[in-house]
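*Asks:* any chance you could fold what I've pasted below:
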Amino acid sequence: METLFGDLVEHPAEKPTGPARQRVLITVKAAPNPSVTYGETVCVAGVTLGDLGPTGWIRLYPINFRHLPQATEQFKKYDIVTVDCRPSGEARFESWRPNMSTLQVETHVPPWRKRRELLEPMIDSSMCRIRTDAAADPRARSLALVRPAEVIGFRLERHPGWNKDEQAKIDAYVNQLELDVFEEAPDKTPLEAPRFRGIYKWRCGDPSCGTHEQSIIDWEFVALQRHLRNRSDDEAAAEIRKRFYDKICSTENDVAFYVGNQAKRPQTFSILGVYYPKKVG
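*Replies:* Model (predicted):
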């Protein structure tokens, strides 16, 4: 992995084949997506940690937060956790299937000094190169933290609602027969589509960059919309823009975007979250 600090963290040459206990700094939790089996699933991503610091990126999927025990559900962004995982069956090297019953929260990393120490070595400057590599090889890096040269804008669009395949997954889950006996029935409230999609327009540090427009799929982006459900469209949009553009992407902040791609379209990256410590010096 080429970073602003040089080649400090290498992308693995081969996909792991066996299970492992991973130590992970959680950096992003994506918005939930429809699932036949679980009703909804969430992708969590972060940085794997070794004795001397960060060793790479990891994607933990699928996770269903509604069905997790209370103690496990409470892990949050910038917690360091340990969890037993096995490599997923897909091409992306970073993708692992976690055994959530084994997850333990080790500590929480407060803002921002220690977070900087762990994450600055992971920051890249070229979204263009990352996309080109992923388009050429689905085994190329699928997660990254990229510092923009310029955040040009942020816009909101009405979410179109779930497509036919997504809605079919929700319906199948809600209507499936209960074959197991539960002490407490699982929550089968259908997953609602958010009111808005958010898109950042930005330019990376590649000299030939023609700008990027990428959707934000951060859990917090959708959670804020739920919090604003009783506000008008204009009021809600103003609050969302204030949070995700005016505040987070302020020129006072050292902004970088957590990005991840899609398994079926590896060249398509979305913004999973934003890293935004105050500038120093």
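
*Asks:* who does the longest strand seen in the chain pair up with?
*Replies:* Of all the segments of type strand in the chain, defined by DSSP state E, the longest one is strand 95-108. Sheet pairing here is set by DSSP bridges, and for strand 95-108 it gives strand 53-63 (parallel), strand 79-87 (antiparallel).

*Asks:* so which bits of that strand are buried?
*Replies:* Buried residues in strand 95-108, counted by 16 or more other Cβ atoms under 10 Å: 95, 96, 97, 98, 100, 103, 105. For glycine as for every other residue, the C-beta is placed from the backbone atoms N, C-alpha and C.

*Asks:* min pLDDT across the residues you listed, which one?
*Replies:* The lowest pLDDT within the buried residues of strand 95-108 belongs to residue 100, with 90.

*Asks:* how much space between residue 161 and residue 229?
*Replies:* With distances taken as Cβ to Cβ, to the nearest Å, residue 161 is found 15 Å from residue 229.

*Asks:* with residue 271 instead?
*Replies:* For residue 271 relative to residue 229 (Cβ to Cβ), the value is 23 Å.

*Asks:* also residue 159?
*Replies:* Separation of residue 159 from residue 229 (Cβ to Cβ) stands at 13 Å.

*Asks:* neighbour count winner among these two?
*Replies:* Residue environment comparison for residue 159 versus residue 229 gives the larger neighbour count to residue 159, 15 against 10, counting by other Cβ atoms under 10 Å.

*Asks:* where are the low-confidence patches of this structure?
*Replies:* 1-9, 67, 69-73, 176-188 (pLDDT under 70).

*Asks:* repeat the analysis, applying 90 as the threshold.
*Replies:* Low-confidence segments of the chain (pLDDT under 90): 1-18, 32-42, 51-53, 62-75, 89, 101, 162, 165-192, 263-264, 280-281.

*Asks:* quick one: the helices in it?
*Replies:* For the chain, the helices identified by DSSP state H occupy 70-73, 113-119, 127-136, 164-175, 219-227, 233-241, in order along the chain.

*Asks:* okay, those helices in TSV with distance to residue 207 next?
*Replies:* Formatted as TSV, those follow (distance: least, Cβ to Cβ, whole Å):
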stretch	distance to residue 207
helix 70-73	45
helix 113-119	25
helix 127-136	9
helix 164-175	39
helix 219-227	31
helix 233-241	30
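
*Asks:* tabulate those (a markdown table), appending distance to residue 84 and mean neighbour count.
*Replies:* Putting the helices of the chain into a markdown table (distance: least, Cβ to Cβ, whole Å; neighbours: other Cβ atoms under 10 Å) gives the following:
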| stretch | distance to residue 84 | mean neighbour count |
| --- | --- | --- |
| helix 70-73 | 13 | 12 |
| helix 113-119 | 22 | 15 |
| helix 127-136 | 28 | 18 |
| helix 164-175 | 26 | 14 |
| helix 219-227 | 23 | 17 |
| helix 233-241 | 37 | 15 |
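
*Asks:* what touches both of residue 159 and residue 229?
*Replies:* Here residue 159 and residue 229 have residue 195 as joint contacts, going by Cβ atoms under 8 Å, 6 or more residues apart in numbering.
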